[in-house]
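> Have a look at this fold, sequence not included:
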């Protein structure tokens, strides 16, 4: 089912910029237009989980598992460890994800590395939306990108510094 009006009413999201809508407002708007199982899939996306009842959510989650597996392989290689015990099952293998993740781990700055990984997620969400831009896939893609945009908008140097100091204090206590 297509949701032309809903999709057309969503604000444009840009990676690294504060979104013009919150998750709560987006979800409230969606409840007027979507089925209960679609709302459940959006809520699962907001919690970084897979909704097994949604084909779109399962496709998204498979890409997320591929990305996480690539991260595991790179980290294991960097530590001369075996990644096999940490790899999760997924359908298929995407070599471009492997290359992009390997490239991301060449970044010295962990923040830049995280940005590269989230750009992969953003691109995967865009690809997912192409399957049905005005259908649930387009709406689900928006939800995924909204989570990413909110995450980056919420990063704060002062809060980050205080978390690091708290972690160091706990580790040395």
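Arrived safely, thanks for sending. All figures in this text were calculated on a predicted structure; none of them were measured in a lab.

> going forward, measure contacts between C-alpha atoms and count neighbours the same way
Noted.

> Need the residues that contact the top helix by length along the chain.
In terms of residue count, the longest helix belonging to the chain (DSSP state H) is helix 55-78. The contact list for helix 55-78, computed with C-alpha atoms under 8 Å, 6 or more residues apart in numbering, reads 41, 45, 49-52, 82-83, 86-91, 93-94, 97-98, 101-102, 105, 121, 124-125, 128, 136-137, 140.

> following that helix, which helix or strand comes up?
Proceeding N to C from helix 55-78, the next assigned helix or strand is helix 95-104, under DSSP states H and E.

> what's that following helix in contact with?
Helix 95-104 is contacted from outside by 66, 67, 70, 71, 74, 112, 113, 114, 116, 117, 120, using C-alpha under 8 Å, 6+ apart.

> now the fifth one: how far from residue 146?
Distance, residue 74 to residue 146, by C-alpha to C-alpha, to the nearest Å: 27 Å.

> ok, those two, which is more surrounded?
residue 146 (25 against 21; other C-alpha atoms under 10 Å).

> buried ones in whichever strand or helix holds that one?
Using DSSP H and E, residue 146 maps to helix 136-153. Neighbour-count burial for helix 136-153, counted by 16 or more other C-alpha atoms under 10 Å, picks out 136-150, 152.

> ok, now which ones touch the nearest residue to residue 132 once chain neighbours are set aside?
Of all residues not flanking residue 132 in the chain, residue 138 sits nearest, at 5.9 Å (C-alpha to C-alpha, 6 or more residues apart in numbering). Counting by C-alpha under 8 Å, 6+ apart, residue 138 makes contact with 7, 128, 129, 130, 131, 132.

> Tell me the spacing between residue 53 and residue 169.
44 Å.

> Likewise for residue 14?
Residue 14 is 36 Å from residue 169, by C-alpha to C-alpha.

> Which one of those two is surrounded by more residues?
When neighbours are counted by other C-alpha under 10 Å, residue 14 and residue 169 differ, and residue 14 comes out ahead with 13 against 10.
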